[in-house]
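Engineer: Need coordinates for the following:
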Amino acid sequence: MERRFLTLADVADVLNISAAQAYALVRSGELRALKVGGRGQWRVAETDFEDYIARMYAQTEEILKADG
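Structural biologist: The predicted structure follows:
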């Protein structure tokens, strides 16, 4: 069965950032996530994570075009 959601630790691991930085992406609204369970565990849908990565590639391309 394919996994639908990532934990913030998973996000941090894939992006090679800290868990605090992954949480900051969620808090800022840059990365869409949902809070589940009584203890409020954060989850990021795989599709939302892929959308975030695509947006970051597009932003990077725009920055490079502007600099070049």
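
Engineer: My guess is Asp48 contacts Ala33. True?
Structural biologist: Yes. With contact defined as C-beta atoms under 8 Å, Asp48 reaches Ala33; the gap is 7.3 Å. Placement of C-beta: from N, CA and C, glycine included.

Engineer: Among those two, which residue is more densely surrounded?
Structural biologist: Ala33 (22 against 17; other C-beta atoms under 10 Å).

Engineer: residues touching that one, list them.
Structural biologist: For Ala33, the contacting residues are Leu8, Val26, Trp42, Arg43, Val44, Asp48, by C-beta atoms under 8 Å, 6 or more residues apart in numbering.

Engineer: Closest to Ser18 out of these?
Structural biologist: Ser18 lies nearest to Leu8 out of the contacts of Ala33, by C-beta to C-beta, at 9.9 Å.

Engineer: If we ignore the residues flanking it in sequence, what's nearest the closest one?
Structural biologist: The spatially closest residue to Leu8, leaving aside those adjacent along the chain, is Ala22, at 4.4 Å (C-beta to C-beta, 6 or more residues apart in numbering).

Engineer: what secondary structure does Leu6 sit in?
Structural biologist: Here Leu6 is recorded as strand under DSSP: H, G, I helix; E, B strand; the rest coil.

Engineer: Run a quick neighbour tally on it.
Structural biologist: Burial of Leu6 is recorded as 20 neighbouring residues (other C-beta under 10 Å).

Engineer: Quick check: beta-bridge partners of it?
Structural biologist: Here Leu6 sits in beta bridges with Val44, going by DSSP bridges.

Engineer: Quickly note the distance from it to Ala66.
Structural biologist: Using C-beta to C-beta, to the nearest Å, we find Leu6 at a distance of 31 Å from Ala66.

Engineer: Surely the residue nearest to Leu8 touches Ala12?
Structural biologist: Yes. Using C-beta under 8 Å, Ala22 is in contact with Ala12, at 4.2 Å.
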